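Novice: got a predicted structure here, sequence first:
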Amino acid sequence: MSDLNYRVAVAGDEEKVLNFIRKHYYPEEALTIGISPKEPTKEDEEFSLSCIPTGLSVVCEDSNKNIVGVLLCHEVDNSTLTERKISTETIEDPKWRTILTFLNYMEELTSICSRLNVTKGIQFSVLGVDPEQRGKSIGLKMMQKAAENALEKKLMAIGSVCTSIFSARIAEKLGMECVASIPYSEWKNSEGKTIFHPPPPHDYARCYVKKITNG
């Protein structure tokens, strides 16, 4: 029997989740380490944690209540991206503004709600697993838990911008469809220089979607 427990993240989990993603997510996240400085920005961390009170995110804990996996999810509808693109223009930190501009572009390609003809859905934003616990399908099980939770809340679609080849493989195992992709080498600034330089094997960002039903 597994000694791992999957549960919905709740208000009050923020500090533990932040400590976890600082250690096990950001140091490997393609966009974060693909542009200098390599560390995440405060605004990035705040954005990631902002979704916890909505009850859409999932954590995995071991028998000692230590977090060994985190999946942070944001609710989205057809107005979400428009509002975020406007707020992106006012971001002062250049790194976070650059990353969010790219994510906005990818999510526009995804268009989860209009593409799947649903009113609301959820977007998987952060996926991290403790290296010592990998190989146990924790990422996949957290996505499954999040999808079940979303369905209970009448959110009928899931989407993800996978910046890592590993998260993309998990999305495919969940049966999500890749609807768009872009090589990092093709995302350039006004001077024609490539912006993100993540290490191999992270060469593409990919957009995945799936409509979820009770059937």
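Specialist: The structure has been received and is ready for your questions. Numbering: from 1, shown residues only.
Novice: tell me if Thr213 really is in a helix.
Specialist: No: using DSSP: H, G, I helix; E, B strand; the rest coil, the assignment for Thr213 is coil, not a helix.
Novice: model confidence for it, exactly?
Specialist: Per-residue pLDDT puts Thr213 at 86.
Novice: count of neighbours near it?
Specialist: For Thr213, the count of nearby residues is 8 (other Cβ atoms under 10 Å). From N, CA and C alone the C-beta is placed, and that goes for glycine too.
Novice: which of the residues in the helix or strand hosting Asn19 are buried?
Specialist: In this assignment (DSSP states H and E), Asn19 forms part of helix 14-24. Neighbour counts over helix 14-24 (16 or more other Cβ atoms under 10 Å) mark Glu14, Lys16, Val17, Leu18, Phe20, Ile21, His24 as buried.
Novice: now do stretch 108-125
Specialist: 110-113, 115-116, 118, 120-125.
Novice: and the buried residues of helix 14-24, which is closest to Asn189?
Specialist: Comparing these against Asn189 with Cβ to Cβ places Ile21 closest, at 27.3 Å.
Novice: which is the succeeding secondary structure element to the worst-scoring helix or strand of the chain on mean pLDDT?
Specialist: In the chain, the helix or strand scored least confidently by mean pLDDT, DSSP states H and E is helix 80-88, which has a mean of 93. With elements assigned by DSSP H and E, the helix or strand that comes after helix 80-88 is helix 94-110.
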